[in-house]
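Participant: Have a look at this prediction, sequence included:
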Amino acid sequence: MTNPRRWSETEKDQFLHLIHVYQKDFQYIAQRMGKTYTQVRSHFYNVNQKAKTSRQASMSRYPQKYIRLIVFDVDFE
């Protein structure tokens, strides 16, 4: 059985799309994905931290364009 706390690749793709469209409206994104506000917010900051601290490690998991997009959203609010 898969770990329910672990996000599937489909969920990660959906999250990246929604964060691009709705920026940091975590409550709305959580509703759309069937997750909690905290899960979505935590995932956002975890991805962001990886992108900032270890771009190379993150690239294997997320396309570079999304890493740039996510970092851009945080750095230039």
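Facilitator: Received, thanks.
Participant: ok, Leu18 - contacts?
Facilitator: Ile29, Arg32, Met33 (CB atoms under 8 Å, 6 or more residues apart in numbering). (Each C-beta comes from the backbone N, C-alpha and C, glycine too.)
Participant: Swap in 6 Å and give it another go.
Facilitator: Ile29 (CB atoms under 6 Å, 6 or more residues apart in numbering).
Participant: mind listing what's buried in the one helix or strand it maps to?
Facilitator: For Leu18, the host element (DSSP states H and E) is helix 9-22. Residues of helix 9-22 classed as buried: Phe15, Leu16, Leu18, Ile19 (neighbour count, 16 or more other CB atoms under 10 Å).
Participant: Helix or strand next in line after it, which one?
Facilitator: Taking DSSP H and E, what comes next after helix 9-22 is helix 26-33.
Participant: got the CA positions of that following helix in CSV?
Facilitator: In CSV, the C-alpha atoms belonging to helix 26-33 read as follows (Å, rounded to 0.1, in the frame of the first residue of the first chain):
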residue,chain,number,x,y,z
PHE,A,26,-3.3,27.5,-0.8
GLN,A,27,-6.8,27.1,0.5
TYR,A,28,-8.3,27.0,-3.0
ILE,A,29,-5.6,24.7,-4.3
ALA,A,30,-6.1,22.3,-1.3
GLN,A,31,-9.9,22.2,-2.1
ARG,A,32,-9.2,21.4,-5.7
MET,A,33,-6.7,18.6,-4.9
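Participant: Done for today, thanks.
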